[in-house]
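Enquirer: When you get a sec, could you give me coordinates for this:
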Amino acid sequence: MSYEIKIIQKPNGKLKTIKILHSKDTIPILEPIAFEQQENLVLITLDASMHVINTRITHIGSGCSSVARNTEILRYAVLDNADGIIVAHNHPGGGLKHSKHDKKFVKYLAKGCKYLNIIFWDSIIVHGKYYRSMGKSYRCDD
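Expert: Take a look at the predicted model:
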């Protein structure tokens, strides 16, 4: 099995100016995956001031699922020297509810972050113009 890693935005001076104060602040970063036909898992790494360090697609799944390993995600967080992370993925088939698998994945990822002294801030689902942040649904232009 092979994996493809795509950088959504390359790190540069301008990327550092993106500060995440609310889950809706991630929407411009997540727009590239909102309408994808395959599930994409995105990692957003953050510094201590909540500025984006890097954003990358860490895994591309099928039209209805994605099986990513926490170790892969945490490796990128460590390489970026991140103080915190946000993970996000799209639901190509629609729906914004976190599945049992999503919740289990987040639980173990948050546990791994704790061991590495990295703050796990959020898990976001996007589909089209809508997103959900671990329990709240929003329209992107709200």
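
Enquirer: what's the offset of the longest helix seen in the chain from the middle of its chain?
Expert: Secondary structure assigned by DSSP state H gives helix 100-115 as the longest helix of the chain. Chain-centre distance of helix 100-115: 13 Å, with C-alpha atoms, centre = their mean, to the nearest Å.

Enquirer: per-residue confidence averaged over that helix?
Expert: Mean per-residue pLDDT for helix 100-115: 91.

Enquirer: Cross-check the contact I'm expecting between His127 and Ala88.
Expert: No - His127 is beyond contact range of Ala88, at 11.2 Å (criterion: C-beta atoms under 8 Å). (Each C-beta comes from the backbone N, C-alpha and C, glycine too.)

Enquirer: Could you check which of the two is surrounded by more residues?
Expert: Neighbour totals were compared for His127 and Ala88, and Ala88 leads with 26 against 19 (other C-beta atoms under 10 Å).

Enquirer: Show me what the more buried one bridges to in the sheet.
Expert: Note on Ala88: beta-bridge partners by DSSP bridges are Val42, Ile124.

Enquirer: Please tell me how far it sits from Ile119.
Expert: For Ala88, the distance to Ile119 equals 16 Å [C-beta to C-beta, to the nearest Å].

Enquirer: same check, this time on Ser62
Expert: Taking C-beta to C-beta as the measure, Ser62 falls 30 Å from Ile119.
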